[in-house]
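> pasting a predicted model and its sequence here:
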Amino acid sequence: MHEINLYQTHLTEGQWSYINKEFLENDRRKRKYSLQSVFEAILYLLASGCQWRRLPHDYPAWKSVYY
């Protein structure tokens, strides 16, 4: 079983529910990675200042997060 690390930028279910409801409610596309994991990866990058390629492996691949 793969263990997921929690980072300071990890969102609670309540926080994600609010973001999802306000901004993404009508977006029903199928995705390879959840929008929550992509959003949390971006928050991690902003908070840590790390390079895209140095994203922890708990997040989607940097090429999937980078836009």
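Nice, I can see it.
> can you report phi and psi for L45?
phi -60, psi -40 (degrees, to the nearest 10).
> same deal with A61?
phi -60, psi 140.
> if I pick the closest residue to it other than its chain neighbours, what's in contact with it?
If the residues on either side of it in the chain are set aside, A61 comes closest to L55, at 7.8 Å by Cβ to Cβ, 6 or more residues apart in numbering. (Each C-beta comes from the backbone N, C-alpha and C, glycine too.) Neighbour list for L55: A41, Y44, L45, A61, W62, V65 [criterion: Cβ atoms under 8 Å, 6 or more residues apart in numbering].
> pLDDT score for L55?
Per-residue pLDDT puts L55 at 92.
> then the one 10 residues further on?
If you check V65, the pLDDT there is 88.
> same check, this time on C50
Looking at C50, the pLDDT reads 91.
> sec struct for it, please.
Using DSSP: H, G, I helix; E, B strand; the rest coil, the three-state assignment for C50 comes out as coil.
> report the separation between it and L6.
Relative to L6, C50 is positioned 17 Å away (Cβ to Cβ, to the nearest Å).
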